[in-house]
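# the sequence and its predicted three-dimensional model are supplied below.
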Amino acid sequence: MHRPMPYQLGLWLAEYVNIRCQLCGCYRKAPYNDPTNSNHADPSAKRSSSQSATTNKSLLCSRCQRSIAWLPAPFYVDIAASVTLPIQAASYYDYPLRQAIRAFKHSEDMSRLPLLVHMLRQLPRPKGCHAGNSVILPMPTTDNRLLKRGFDPVTILSIYLSKHWQIPLWHGVERQDDTVSQQGLSRSERLTNLKDAFVLIETPPVRRLLLFDDVATTGASLQALARAIIPTQPYPTSPEATGMTNKDVSHSSNSDSQPADVKTTKYHISAYALAHGSQNQK
C-alpha cells in the first residue's frame with residue numbers, strides 16, 4: 001500500500017519519537033489500548049488489532065483518551081424506500097477535535113494528522129468485512145476543489161483507515177464540479193446542492209461498500225454518495241452486512257425505514273466519519 005509522504009514521516013515521528021500526547025502535549029503517551037469490542041467488530045478484527053498493537057501505539061495520554069467520548073451511537077439516513085444508511089463516527093465534532101480537523105482540512109496542518117489518525121483507530125473494523133469482500137470508498141472531491149486546496153484531506157485520511165482495517169480503497173464514484181461547498185448550508189439546501197452530484201463510473205468490485213468522510217454534519221453527502229451506488233430498484237442493507245448490533249437495530253426500529261433481509265441485498269453499504277454532531281446536543 002502506498003503511503004502519502006511527507007504525511008507518513010510526520011506520523012512516524014509522532015508515533016516513535018515524540019513521547020508526548022498529541023492532544024495536550026504535556027503528559028506521556030499511554031500504552032496502546034485496543035478499542036475493539038464484541039459490539040462493533042468480529043473476532044478476526046480483534047486478532048488483527050492485537051497483532052498490530054505494537055505498531056499502532058496510542059498517540060494520546062490516558063487523561064486525554066478518557067476525556068473524549070468515543071464511538072457515539074450511529075445515526076441513520078434514508079437512501080431509498082425502506083433502505084437506511086447507518087453512519088458511525090469516531091467521536092463528536094466538538095472542541096478540541098473540531099479544531100484539529102479544521103486545521104488539517106483547510107490549512108494542511110500536518111501537526112494535527114497524528115491526532116486524526118488516532119481518531120481513525122477508534123473505529124473497529126465492521127463486522128464480517130475484510131480485504132476479500134469489502135472496499136472503502138472515500139468521499140470524492142472535484143478537480144476544481146483539488147486544484148484550489150492543493151491536496152485531498154479525505155483521501156489522505158482514508159489511506160490510514162485502509163491500513164487500520166486492512167481493507168483496500170476503491171474510487172469508482174466521481175463528484176461533479178457544479179456543486180458548491182456544503183459548509184454553512186441547511187439540511188434542505190445540502191440535499192438540493194447534492195442532487196446528481198455523484199456519478200458511478202465503474203461497477204463495485206465487491207458487495208460490501210464502506211463509505212468514508214471526515215465530518216458527517218447531517219449525513220447528506222454520505223446519503224447522496226450511497227444513492228449514486230444503489231440500483232434504480234434498491235436492495236436494502238442488512239444488520240449483518242453493516243455491522244449493526246441488535247441494539248442498533250432496536251435503535252432504528254422507531255423509524256419507518258428499517259434494514260431488510262440479507263437475501264434481498266445486492267450491495268451492503270455503511271458509512272463512517274471522523275466526527276459527527278455535538279455531545280452537548282444529545
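Yes, it's here. Numbering: from 1, shown residues only.
# so where's this protein shaky on pLDDT?
For the chain, the stretches with pLDDT under 70 are 1-6, 32-57, 178-193, 231-265, 282.
# ranges for the strands of it?
Along the chain, counting by DSSP state E, strands occupy 75-80, 83-92, 134-138, 173-175, 198-200, 208-215, 268-276.
# out of those, which is closest to Q122?
strand 83-92 (4.6 Å; Cβ to Cβ). C-beta here means a position set from N, CA and C on the backbone, and glycine is covered the same way.
# what angle do the closest one and strand 208-215 make?
Comparing the axes of strand 83-92 and strand 208-215 via axes from the mean of the first three to the mean of the last three Cα atoms, to 10 degrees yields an angle of 50 degrees.
# remind me what strand 83-92 packs against, helices and strands.
If contacts are counted by 3 or more Cβ pairs under 8 Å, 6 or more residues apart in numbering; DSSP states H and E, strand 83-92 sits against strand 75-80, helix 113-120, helix 220-229, helix 246-252, strand 268-276.
# looking at the strands of the chain, which is buried most?
Most buried of the strands of the chain, by mean neighbour count (mean count of other Cβ atoms under 10 Å): strand 268-276, with a mean of 26.
# what separates that strand from the chain centre, distance-wise?
4 Å (Cα atoms, centre = their mean, to the nearest Å).
# note down every partner strand of that strand and its orientation.
Paired neighbours of strand 268-276 in the sheet (DSSP bridges): strand 83-92 (parallel), strand 208-215 (parallel).
# helices of the protein, start to end?
7-12, 43-51, 62-67, 97-107, 113-120, 143-149, 153-165, 187-193, 220-229, 239-242, 246-252 (DSSP state H).
# could you dump stretch 99-114 to PDB, C-alpha only?
Taking C-alpha atoms only, stretch 99-114 is exported to PDB below (Å, rounded to 0.1, in the frame of the first residue of the first chain):
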ATOM      1  CA  GLN A  99     -10.200  22.500  15.700                       C
ATOM      2  CA  ALA A 100      -7.800  19.700  14.700                       C
ATOM      3  CA  ILE A 101     -10.000  18.500  11.800                       C
ATOM      4  CA  ARG A 102     -10.300  22.100  10.500                       C
ATOM      5  CA  ALA A 103      -6.600  22.800  10.800                       C
ATOM      6  CA  PHE A 104      -5.700  19.800   8.700                       C
ATOM      7  CA  LYS A 105      -8.600  20.100   6.200                       C
ATOM      8  CA  HIS A 106      -8.300  23.800   5.500                       C
ATOM      9  CA  SER A 107      -4.700  24.600   6.200                       C
ATOM     10  CA  GLU A 108      -2.900  21.200   5.600                       C
ATOM     11  CA  ASP A 109      -1.600  21.400   9.200                       C
ATOM     12  CA  MET A 110       0.300  18.200   9.300                       C
ATOM     13  CA  SER A 111       0.900  18.500  13.100                       C
ATOM     14  CA  ARG A 112      -2.800  17.600  13.500                       C
ATOM     15  CA  LEU A 113      -2.600  14.500  11.400                       C
ATOM     16  CA  PRO A 114      -1.400  12.100  14.200                       C
END
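# that'll do, ta.
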